[in-house]
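Q: Pasting a predicted model and its sequence here:
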Amino acid sequence: MPTITCYGAVREIGGNKILLQDGGSRIMLDFGKGFSAEGMFFDEFLQPRTNSALRDLLTLRILPPIPGIYRRDLLTHAGVWPELKKKGIPDSSRKLFEIGLESYDDYTAKHGPAIDGILLSHGHTDHCQHLCFVDPRIPVYCTSATLAILKAAEEMGRGGYDSDICGVKTRSWSTYGSAGTFEGELKVAPDTDGPPRDFRVVEPYKPFAVGGYEVTAIPVDHSVPGACAFSIKCPSGKSVFYTGDLRFHGRFSLGTSNLTTGLREFARNLSPDMLITEGTRIESNTKDNESDVEKKIAEIVSGSDGLAIIDFGWKDTTRFQTIRNVAEATGRRLAISPKVAYLMNLLHTEDPANYPDITCDKTVCTYLKRQGSMVYSPADYSAFKHTLGLCTDWGPSSKDMKKAWPNDLDYIEPRMCHFNQGVRAYDVAAKPSSYILHAGYFDMNELFDLAPPAGSIFVRAATEPFCDEMVMDEIRLGNWLNFFGINDGAGIQRSHVSGHASGEDLLDFIVDMKPGRIVPIHTDKPELFAEALGAKFEVTQPEIAEKISF
């Protein structure tokens with residue numbers, strides 16, 4: 001009899017980790033970070049310890065104690081215990097360095113693989129971030145756009161254990177050399193080049209096998225490209241439908257490439273034995289529409305004779321297109337962050353039919369922040385190479401390349417397109433009414449150099465605060481805007497639609513599908529599903545780590 005076990009997203013929005021088991025075949029549905037769960041213990045200034053994060057999160061039950069899925073180097077503190085014991089550390093201290101859970105290597109050697117793979121619905125942190133702890137040999141199935149997002153996030157990140165999504169930097173122990181302060185003493189550090197994760201790109205509507213399961217990825221509309229639901233046939237013949245995150249009102253629900261139409265047609269009368277559905281906005285019946293966002297922001301920008309600043313998420317390609325349309329309609333140029341430019345270029349490389357080359361778009365340019373020495377030297381941006389261009393591969397590494405490019409700068413400079421062709425604060429300050437600047441709270445110190453004139457506006461086109469830290473950031477953001485006279489001291493203007501379906505749309509979708517049993521996740525109000533659907537369908541509210549049979 002197949003079972004599902006929810007290890008996250010239970011009475012919580014995000015943190016999806018769902019184990020599906022049927023006989024000897026097991027798969028995970030997503031492996032994300034639960035912000036609410038971690039927020040119970042950690043904040044901006046208190047984080048899991050870098051070299052003990054996996055063991056700390058397992059102890060707090062933020063990560064599920066599933067044997068055979070985690071990296072051995074993180075479970076066993078780089079295998080350093082035998083050396084510590086030689087140095088006289090007592091056996092009673094072993095628990096500080098090892099935890100009683102079998103790693104991927106240890107479990108697989110005895111029993112074979114613990115799980116057959118992980119189905120990754122999309123590239124948002126609350127669905128993918130905790131992959132950093134999973135052994136990279138476990139296959140991860142996702143769309144090409146999702147993989148592009150993960151690569152972009154890793155290449156633009158600051159390193160650390162939580163950046164080990166695509167490439168894994170294995171922690172190992174060694175000793176300090178003669179140049180070290182304590183020569184011969186132990187140290188633990190990540191390898192420069194670790195093994196790549198086993199990603200397997202899936203195609204929409206094309207069934208593929210994962211262990212004993214037959215899986216079909218169904219593209220869905222969400223606030224990040226590449227999102228999909230999964231329709232799963234179990235070895236026993238039972239069926240599961242997993243929605244991931246979805247909506248019915250975004251830009252991907254319009255025109256000839258309408259993902260919502262395809263989803264509804266596939267799911268109508270599908271009658272899966274188990275529906276695992278998100279319910280972020282189950283209590284809301286507001287009908288959102290991305291075109292309304294475009295219209296409202298265009299009106300706000302048209303009424304401004306100063307600089308227009310608009311905040312939106314760098315992964316939200318739908319919102320990027322919306323603001324780009326506003327810029328074109330109002331005769332301005334959209335100056336985007338290097339993160340957006342980098343991501344759009346990766347997506348264009350993967351899927352040129354759906355993601356055009358933004359370097360050819362006269363309405364779009366990249367904004368180069370002033371940092372480091374504050375003199376716009378290329379050296380100021382070398383730590384994060386995406387800030388200078390669309391390529392992070394700066395160096396001819398092979399001998400053949402060195403022959404062709406004896407001077408590294410000859411190779412690097414053509415790749416510095418943000419540096420050579422982007423706009424700087426003094427460009428925007430000279431003609432503020434000619435630009436829409438993509439910027440948020442963490443970019444507010446650019447206002448010193450931008451000196452926005454009277455009539456400048458700020459629009460937050462992103463989600464509202466959902467935790468105490470974000471509330472505090474928003475208060476500080478308001479202080480910045482008020483000090484510089486933006487929005488005439490009226491605070492933050494907003495225009496946003498959610499990446500999640502309204503309750504009315506979601507319930508209508510479920511009724512059309514006719515599932516045998518419904519398990520609501522990714523919601524803090526699962527009881528509303530039973531109230532709305534309990535007369536027609538069996539609704540089971542999940543509990544953390546409890547099996548549900550079907």
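A: Received it, and whenever you're ready, just let me know what you need.
Q: From Thr243, how far out is Ser223?
A: Counting by Cβ to Cβ, to the nearest Å, the gap from Ser223 to Thr243 is 15 Å. Backbone N, C-alpha and C define where each C-beta goes, glycine included.
Q: Likewise for Thr59?
A: Distance from Thr59 to Thr243, by Cβ to Cβ: 31 Å.
Q: More neighbours: which of those two?
A: Shown here are Thr59 and Thr243; by other Cβ atoms under 10 Å, Thr243 has more neighbours (26 against 12).
Q: who does whichever strand or helix holds Leu437 touch, helix- and strand-wise?
A: Using DSSP states H and E, Leu437 sits in strand 435-438. In terms of contacts (3 or more Cβ pairs under 8 Å, 6 or more residues apart in numbering; DSSP states H and E), strand 435-438 is packed against strand 308-311, helix 317-329, strand 333-336.
Q: helix or strand right after that strand?
A: Assigned by DSSP H and E, the successor of strand 435-438 is helix 447-450.
Q: what's the domain layout of this protein?
A: Domains of the chain are assigned by automatic domain parsing as 3-282+501-549, 290-367+422-494.
Q: Turn these into a markdown table, including mean pLDDT.
A: Formatted as a markdown table, the domains of the chain follow (pLDDT from 0 to 100):
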| stretch | mean pLDDT |
| --- | --- |
| domain 3-282+501-549 | 92 |
| domain 290-367+422-494 | 91 |
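Q: right, so of those domains, which gets closest to Thr392?
A: Nearest of the domains of the chain to Thr392, taken as Cβ to Cβ: domain 3-282+501-549 at 5.2 Å.
Q: Tell me the span between the first and last residue of the closest one.
A: For domain 3-282+501-549, the first-to-last residue distance is 4 Å (Cα to Cα, to the nearest Å).
Q: again with stretch 210-226
A: End-to-end distance for stretch 210-226, by Cα to Cα: 20 Å.
Q: Also stretch 73-85?
A: With Cα to Cα, one end of stretch 73-85 sits 18 Å from the other.
Q: So which bits of it are buried?
A: For stretch 73-85, burial by neighbour count (16 or more other Cβ atoms under 10 Å) applies to 73-81, 84.
Q: Now intersect those with the helices, please.
A: Among the buried residues of stretch 73-85, DSSP state H puts 73-75, 81, 84 in helices.
Q: Now the two most distant members of these.
A: For these, the maximum inter-member distance is 16.6 Å, found between Leu74 and Leu84 (Cβ to Cβ).
Q: what separates stretch 75-93 from the chain centre, distance-wise?
A: Distance of stretch 75-93 from the chain centroid (Cα atoms, centre = their mean, to the nearest Å) equals 36 Å.
Q: Now stretch 106-120: buried residues?
A: Here stretch 106-120 shows 107-108, 113-120 as buried, counting by 16+ other Cβ under 10 Å.
Q: same check, this time on stretch 205-220
A: Within stretch 205-220, the residues that qualify as buried are 210-213, 215-220, counting by 16+ other Cβ under 10 Å.
Q: do the same with stretch 49-66
A: In terms of neighbour count (16+ other Cβ under 10 Å), stretch 49-66 has its buried residues at 51-58, 62-64, 66.
Q: Out of the residues you listed, which is nearest to Glu12?
A: Glu12 lies nearest to Ile62 out of the buried residues of stretch 49-66, by Cβ to Cβ, at 11.1 Å.
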